[in-house]
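**Q** okay, sequence plus prediction incoming.
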Amino acid sequence: MTDSNERLKSNVRDLAPSRKEIEAEVPAEEASREYERALEAYARRAKLKGFRPGTAPRAMVKQMFDPDIRQAVLDELIPRTLDDVLTARAIYPVGTPTIEDVSFEDGQPLRFKASVEIWPEFALPEYKRVKVKKREAVVSADDIAKAVDDLRRKAAEYVPVEGRGIVAGDYVVIEFQGRDLKSKRLLPAEKAVVVAGHEGNDPAVNANLTGMTPGEEKNFVHAYPSDFANRKLAGREVEYRLKAVSMKEMRLPDANDDFAKTLGEFETLAALKDKIAAELRLAKEQSSRRETSDEIVKTILDRTAIELPPGVIEHEAEHVLNEMLESLRGRRLTQEALAALQAASRKQAELNLKRQLLLRKIADAEGLNVSEDEIDAEIKTLAEANHIPLAQAIDSFRQDGRRENLKASLLLRRTIDFLSGQAIME
């Protein structure tokens with residue numbers, strides 16, 4: 001396909017649904033004029049021995065600085081020309097174009113190729129009346145009892161206890177040091193507070209702490225399996241010295257009206273349970289709505305063929321991976337674990353991008369939009385929820401495109417609500 005505008009002489013070729021190649025040409029006269037402008041600029045600034053700035057012969061300046069002048073011409077003309085071609089062809093690239101096959105000879109047109117990634121065109125499948133599983137937000141007596149127990153544990157007291165050995169759940173101060181039997185190397189001595197029997201403890205501690213009494217010391221050998229998570233200990237036999245320095249027993253308050261009153265706003269345990277039930281029901285309803293909307297979008301996506309630009313996938317995958325690594329900060333990862341995270345981040349990136357493209361296309365098809373008043377209302381809600389002055393929140397959302405990002409997020413939410421309202425619950 002050739003452009004009809006002589007100034008924008010170009011060909012556009014589809015390399016893939018999400019990638020185009022553009023061959024563009026700048027007329028020789030325009031390229032020459034730009035070269036002369038660049039040469040003049042260099043001549044004014046050039047400092048050559050024997051000449052005051054701006055007085056050196058142009059032929060000498062050209063001879064000495066020709067490569068730099070040509071690069072300045074390319075840096076000016078290629079982006080400008082490519083932008084003009086893209087605008088004229090209504091091509092909207094994502095990411096940075098790749099420039100190659102540049103040809104710039106005296107008296108000849110400037111020619112180059114550019115490869116650009118674009119959001120792909122795709123056909124929408126039937127997206128209304130999607131059949132999904134009906135989810136009930138049921139709160140059981142066990143759910144309420146567990147929530148009450150969690151509150152009791154938060155209010156627990158830890159008191160010294162005598163006359164018995166350590167049992168699971170006790171808080172114990174221990175001193176712990178090992179020696180590798182093969183290398184004879186001492187491991188770092190540790191003094192720590194542990195919960196007896198907790199799954200996060202070293203298995204050597206859990207296997208030997210139960211039954212010990214405060215002040216008791218024990219020596220033992222522990223053999224770690226070859227696939228143990230801590231690679232420094234995997235497959236090794238370690239001789240340990242373990243001392244139980246002290247222990248405390250967790251004592252829970254009774255679940256009664258007096259306990260409910262300590263939480264501030266409740267006169268009876270029944271009133272506390274009613275409030276817990278309402279909060280659990282609200283949380284389950286929100287979870288059910290999320291699960292339903294995810295199922296709806298997944299069902300539609302499974303019917304939709306979308307080929308994403310590779311560069312956009314890589315960019316989004318890097319963002320997802322960084323979030324994953326941030327959530328695991330402080331944990332050491334093996335090469336295998338890191339490779340698994342990279343694969344998972346790429347898969348999640350593709351899902352994120354396809355989901356956004358699908359929902360935006362549906363929003364366009366249905367004429368859905370978000371008003372400025374609705375954006376302002378959402379900012380006010382966020383400010384109140386995060387205890388931020390409204391003026392500060394408004395100013396924050398004016399920066400770095402955050403208001404536009406919020407508008408896009410609200411539009412996706414509205415589209416999901418639309419699809420949920422159209423779905424058939426079975």
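**A** Everything's here; your move.
**Q** quick one: secondary structure of the nearest residue to Lys354 once chain neighbours are set aside?
**A** Using Cβ to Cβ, 6 or more residues apart in numbering and skipping the chain neighbours, the partner closest in space to Lys354 is Ile306 (5.0 Å). C-beta: built from backbone N, CA, C; applies to glycine. Classification of Ile306 by DSSP: H, G, I helix; E, B strand; the rest coil places it in coil.
**Q** just the mean pLDDT for stretch 68-85, thanks.
**A** Average pLDDT, stretch 68-85: 93.
**Q** buried stuff in it?
**A** By neighbour count with 16 or more other Cβ atoms under 10 Å, stretch 68-85 contains the buried residues Ile69, Arg70, Ala72, Val73, Leu74, Leu77, Ile78, Thr81, Leu82, Asp84, Val85.
**Q** from the chain's centroid, how far away is it?
**A** Between the centre of stretch 68-85 and the centre of its chain there are 36 Å (Cα atoms, centre = their mean, to the nearest Å).
**Q** okay, now the closest residue to Gly107 other than its chain neighbours: neighbour count?
**A** Nearest residue to Gly107, sequence neighbours excluded (Cβ to Cβ, 6+ apart): Ala28, at 5.9 Å. By other Cβ atoms under 10 Å, 14 other residues sit near Ala28.
**Q** wait, Ala28 touches Pro109, no?
**A** Yes - contact criterion Cβ atoms under 8 Å: Ala28 and Pro109 qualify, at 4.9 Å.
**Q** okay, which residue is most central for the chain?
**A** Nearest residue to the geometric centre of the chain (Cα atoms, centre = their mean): Val320, 3.5 Å.
**Q** mind checking which helix or strand that one is in?
**A** helix 310-327 (DSSP states H and E).
**Q** helices and strands around that helix, which ones?
**A** strand 93-103, strand 110-118, helix 335-366 (3 or more Cβ pairs under 8 Å, 6 or more residues apart in numbering; DSSP states H and E).
**Q** sheet-wise, list the partners of the second one with their directions.
**A** Its sheet considered, strand 110-118 pairs with strand 19-26 (antiparallel), strand 93-103 (antiparallel) by DSSP bridges.
**Q** now the ones you listed in JSON lines, with mean neighbour count?
**A** As requested, the strands paired with strand 110-118 are arranged in JSON lines below (neighbours: other Cβ atoms under 10 Å):
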{"stretch": "strand 19-26", "mean neighbour count": "20"}
{"stretch": "strand 93-103", "mean neighbour count": "13"}
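**Q** can you put these in JSON lines and add distance to Arg58 and mean pLDDT?
**A** JSON lines is the format used below for those (distance: least, Cβ to Cβ, whole Å; pLDDT from 0 to 100):
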{"stretch": "strand 19-26", "distance to Arg58": "22", "mean pLDDT": "94"}
{"stretch": "strand 93-103", "distance to Arg58": "24", "mean pLDDT": "92"}
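**Q** now those in a markdown table, with distance to Ala59?
**A** Formatted as a markdown table, these follow (distance: least, Cβ to Cβ, whole Å):
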| stretch | distance to Ala59 |
| --- | --- |
| strand 19-26 | 25 |
| strand 93-103 | 24 |
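**Q** residue ranges with poor pLDDT in the stretch 1-150 of the chain?
**A** 1-8 (pLDDT under 70).
**Q** where do the strands sit along the stretch 201-350 of the chain?
**A** Applying DSSP state E, counting those that start in this stretch to the stretch 201-350 of the chain gives strands spanning 217-223, 237-251.
**Q** could I have the shortest one exported to PDB, CA atoms only?
**A** Once side chains and other backbone atoms are set aside, the C-alpha atoms of strand 217-223 remain, and they are given as PDB (Å, rounded to 0.1, in the frame of the first residue of the first chain):
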ATOM      1  CA  GLU A 217      19.300 -29.000  77.500                       C
ATOM      2  CA  LYS A 218      19.400 -31.700  74.800                       C
ATOM      3  CA  ASN A 219      22.000 -32.900  72.300                       C
ATOM      4  CA  PHE A 220      20.800 -34.900  69.200                       C
ATOM      5  CA  VAL A 221      21.600 -35.500  65.500                       C
ATOM      6  CA  HIS A 222      19.200 -34.500  62.800                       C
ATOM      7  CA  ALA A 223      19.400 -35.800  59.100                       C
END
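**Q** verify the contact between Val221 and Arg179 for me.
**A** No - Val221 lies out of contact with Arg179 (Cβ under 8 Å); the separation is 9.7 Å.
**Q** so between these two, which is more surrounded?
**A** Legend: neighbour count by other Cβ under 10 Å for Val221 and Arg179, higher for Arg179 (15 against 12).
**Q** which secondary structure element is home to the residue located most distally from the centre of the chain?
**A** Within the chain, the residue lying farthest from the chain centre (Cα atoms, centre = their mean) is Gly50, at 59.6 Å. Following DSSP H and E, there is no helix or strand that holds Gly50.
**Q** now Val370
**A** Going by DSSP H and E, Val370 is not in any helix or strand.
**Q** how many neighbouring residues does Lys347 have?
**A** Lys347, neighbours per other Cβ under 10 Å, totals 12.
**Q** Val194 - that's part of a helix, no?
**A** No - applying three-state DSSP, one finds Val194 to be strand, outside a helix.
**Q** do you know the pLDDT at it?
**A** At Val194, pLDDT is 94.
**Q** which non-adjacent residue is nearest Arg19?
**A** Glu117 (5.5 Å).
**Q** can you check Phe228 too?
**A** Ala234 is the one closest to Phe228 (Cβ to Cβ, 6+ apart), at 4.1 Å.
**Q** just Met212 next, same as before
**A** Ala244 (4.4 Å).
**Q** from Ile91, how far off is Arg332?
**A** 46 Å (Cβ to Cβ, to the nearest Å).
**Q** re the thing from before, who's in contact with the helix holding Val320?
**A** 18, 94-95, 117, 341-342, 344-346, 348-350, 352-353 (Cβ atoms under 8 Å, 6 or more residues apart in numbering).
**Q** stretch 179-191 too?
**A** 173-178, 221, 236-240, 245.
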